[in-house]
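sequence-free structure coming up:
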């Protein structure tokens with residue numbers, strides 16, 4: 001697929017299996033990968049590719065009428081990102097759905113321009129601005145920390161999950177504590193940055209998964225409302241139009257994976273301008 005990153009290998013494997021190629025295990029052969037706990041590329045610019053490419057793979061291969069639980073799970077993740085003040089991630093995931101809705105033509109069309117667009121969009125959100133030195137952020141201060149034994153905890157059952165999500169969502173539309181505008185309320189390690197914990201804060205310094213950088217997450221009720229509305233509408237439309245999209249992507253699959261289409265895509269790539277001769281030094 002013309003995606004290069006995320007789900008391209010899985011989709012290729014599904015297509016190969018459908019064409020009759022078997023899978024072979026190779027005992028003793030291994031590959032070293034960065035451990036998943038040391039990275040979270042579902043939060044940065046790759047969030048777009050995680051969702052866009054997963055949706056494309058599902059449209060091409062899912063046996064379920066509307067992708068099974070995929071759209072519902074995606075909406076749940078969207079809400080969790082908003083409760084966590086990860087607004088840049090939520091915006092990129094909306095862009096992923098919008099591009100899928102536009103049809104299969106965007107896959108080749110946007111190859112050259114999408115990376116720059118993703119960087120530009122992310123740069124407009126504070127949660128996407130990372131610093132290597134945490135001392136560059138104001139010192140954290142929370143005027144009223146939770147009482148002992150009242151700290152946020154992981155949802156213990158489905159009902160508890162719904163209650164915590166509802167309370168977190170209600171808090172998102174309340175005014176931000178004036179003191180949190182200039183100073184974060186907490187410093188949170190990546191492994192502790194769960195939505196049920198971050199949804200109780202108006203701002204927090206959150207470290208990256210590998211600990212190399214940190215970002216200042218800042219709650220913004222207006223951004224929350226806007227992205228919640230846009231995300232809900234995008235998911236509803238995706239679920240509604242799934243049959244049409246499935247048929248369109250499957251009909252176009254042979255074309256956008258063909259050598260001819262790839263050749264046209266590479267020929268359309270902008271070429272660097274020729275270097276101008278310079279005058280010799282005098």
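Structure's in. What do you need? Just so you know, these numbers come straight off a predicted model, no measurement behind them.

buried sites along the worst-scoring helix or strand of the chain on mean pLDDT?
Among the helices and strands of the chain, helix 259-267 carries the lowest confidence by mean pLDDT, DSSP states H and E, at a mean of 84. For helix 259-267, the buried set under the neighbour-count rule, 16 or more other C-beta atoms under 10 Å, comprises 261, 265. No exception for glycine: its C-beta is placed from N, CA and C like everyone else's.

can you list contacts of that helix?
If you take C-beta atoms under 8 Å, 6 or more residues apart in numbering as the criterion, helix 259-267 is touched by 2, 108, 111, 255.

as TSV, those with pLDDT, secondary structure and distance to residue 133 would be great.
Putting the contacts of helix 259-267 into TSV (pLDDT from 0 to 100; DSSP: H, G, I helix; E, B strand; the rest coil; distance: C-beta to C-beta, whole Å) gives the following:
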residue	pLDDT	secondary structure	distance to residue 133
2	88	coil	39
108	87	helix	41
111	84	coil	36
255	86	helix	49
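
using TSV, lay out the residues you listed together with neighbour count and distance to residue 266.
Converted to TSV, the contacts of helix 259-267 look like this (neighbours: other C-beta atoms under 10 Å; distance: C-beta to C-beta, whole Å):
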residue	neighbour count	distance to residue 266
2	17	11
108	16	10
111	16	9
255	12	16
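
ok, so of those residues, who is nearest residue 48?
Of all the contacts of helix 259-267, residue 48 sits closest to residue 111, with 13.2 Å by C-beta to C-beta.

tell me how far that closest one lies from residue 55.
17 Å (C-beta to C-beta, to the nearest Å).

so which residues of this structure form helices?
Under the criterion DSSP state H, helices of the chain are mapped to 8-18, 46-61, 70-83, 87-101, 106-109, 114-122, 158-172, 195-198, 221-256, 259-267.

export these as CSV, with columns for distance to residue 151.
Shown next, in CSV, are the helices of the chain (distance: least, C-beta to C-beta, whole Å):
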stretch, distance to residue 151
helix 8-18, 38
helix 46-61, 28
helix 70-83, 16
helix 87-101, 24
helix 106-109, 44
helix 114-122, 31
helix 158-172, 13
helix 195-198, 8
helix 221-256, 23
helix 259-267, 52
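
those: which one's closest to residue 27?
Closest to residue 27 of those, according to C-beta to C-beta: helix 8-18, at 19.3 Å.

pretty sure residue 107 sits against residue 256.
Yes: between residue 107 and residue 256 a contact is recorded at 5.4 Å, counting by C-beta atoms under 8 Å.

find residues that contact each of those two.
Residues touching both residue 107 and residue 256 (C-beta under 8 Å, 6+ apart): 1-2.

returning to what we had before: compare the mean pLDDT across the helices of the chain and name the weakest.
When the helices of the chain are compared on mean pLDDT, helix 259-267 scores lowest, with a mean of 84.

quick one: that one to helix 221-256, angle?
130 degrees (axes from the mean of the first three to the mean of the last three C-alpha atoms, to 10 degrees).

how far is helix 259-267 from where the chain is centred?
28 Å (C-alpha atoms, centre = their mean, to the nearest Å).

can you check stretch 74-92 too?
8 Å.

check which residues of it are buried.
74-75, 77-92.

mind listing what's buried along stretch 117-129?
118, 121-122, 125, 127-128.

pull the most distant pair out of the residues you listed.
Maximum distance among those (C-beta to C-beta): 14.6 Å, for 118 and 127.

quick revisit: show me which of the contacts of helix 259-267 is closest to residue 188.
For the contacts of helix 259-267, the nearest to residue 188 is residue 111 (36.3 Å; C-beta to C-beta).

now do the phi/psi pair for residue 41.
Main-chain dihedrals, residue 41, degrees, to the nearest 10: phi -80, psi 0.

next, count neighbours for the nearest residue to residue 71 once chain neighbours are set aside.
Once flanking residues are discounted, residue 71 sits nearest to residue 239: 4.7 Å by C-beta to C-beta, 6 or more residues apart in numbering. Using other C-beta atoms under 10 Å, residue 239 has 15 other residues around it.

next: residue 141.
13.

any idea how far residue 228 is from the residue nearest to residue 71?
According to C-beta to C-beta, residue 239 stands 17 Å off from residue 228.

residue 264 now?
According to C-beta to C-beta, residue 264 and residue 228 sit 40 Å apart.

and if you look at residue 215?
21 Å.

ok, the two, which is more surrounded?
Taking other C-beta under 10 Å, residue 215 and residue 228 do not tie; residue 215 has more neighbours (22 against 18).
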